[in-house]
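1. The amino acid sequence is not available; the structure is as follows:
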């Protein structure tokens, strides 16, 4: 469970970075009045990652926080990169 909580937010964020870049490369059009289903899914899954990250921190067990810190930093950077890609490319 701990490993699942560690990698799931990173995979979701990387998926959305690839999705956003691919969508912008394919459908480079002027802004729309409606965000669309993809934007709503992006918003829901980005917010859903926060409890997964918190769950990863709280299920560390007997491990000291310093040992899980690299994965927490990777999760936060992946989340921020997906958010920045959405902000800059759309």
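-> Sure, I can see it. Quick caveat: nothing in here was measured; it's all calculated off a predicted structure. Numbering: from 1, shown residues only.

2. make it CA atoms for all contacts and neighbour counts henceforth
-> Fine.

3. number of nearby residues for the closest residue to residue 59 other than its chain neighbours?
-> With CA to CA, 6 or more residues apart in numbering as the criterion, residue 59 has its nearest non-adjacent residue at 6.1 Å, and that residue is residue 2. Neighbour count of residue 2, defined by other CA atoms under 10 Å: 14.

4. Kindly report the same for the one 3 residues further on.
-> Around residue 5 there are 18 other residues, counting by other CA under 10 Å.

5. cool, and residue 70?
-> Residue 70 has 11 neighbouring residues, counting by other CA under 10 Å.

6. what packs against the host helix or strand of residue 83?
-> Assigned by DSSP states H and E, residue 83 belongs to helix 65-89. Packing partners of helix 65-89 (3 or more CA pairs under 8 Å, 6 or more residues apart in numbering; DSSP states H and E): helix 2-26, helix 37-58.

7. need the contact list for residue 54.
-> Listed by CA atoms under 8 Å, 6 or more residues apart in numbering, residue 54 has no contact partners.

8. what does the model give it for pLDDT?
-> Note for residue 54: predicted pLDDT of 87.

9. How about residue 32?
-> 60.

10. next one: the one 4 residues further on
-> We note a pLDDT of 69 for residue 36 in this prediction.

11. most remote residue from the chain's center?
-> residue 62 (26.7 Å; CA atoms, centre = their mean).

12. on that earlier part again, just the angle between the helix holding residue 83 and helix 2-26, please?
-> Per axes from the mean of the first three to the mean of the last three CA atoms, to 10 degrees, the angle that helix 65-89 makes with helix 2-26 is 20 degrees.

13. so who does the spatially most central residue of the chain touch?
-> Centroid-nearest residue in the chain: residue 13, 2.8 Å away (criterion: CA atoms, centre = their mean). Neighbouring residues of residue 13 by CA under 8 Å, 6+ apart: 46, 78-79, 81-82.

14. same question, residue 42
-> Residue 42 neighbours (CA under 8 Å, 6+ apart): residue 16.
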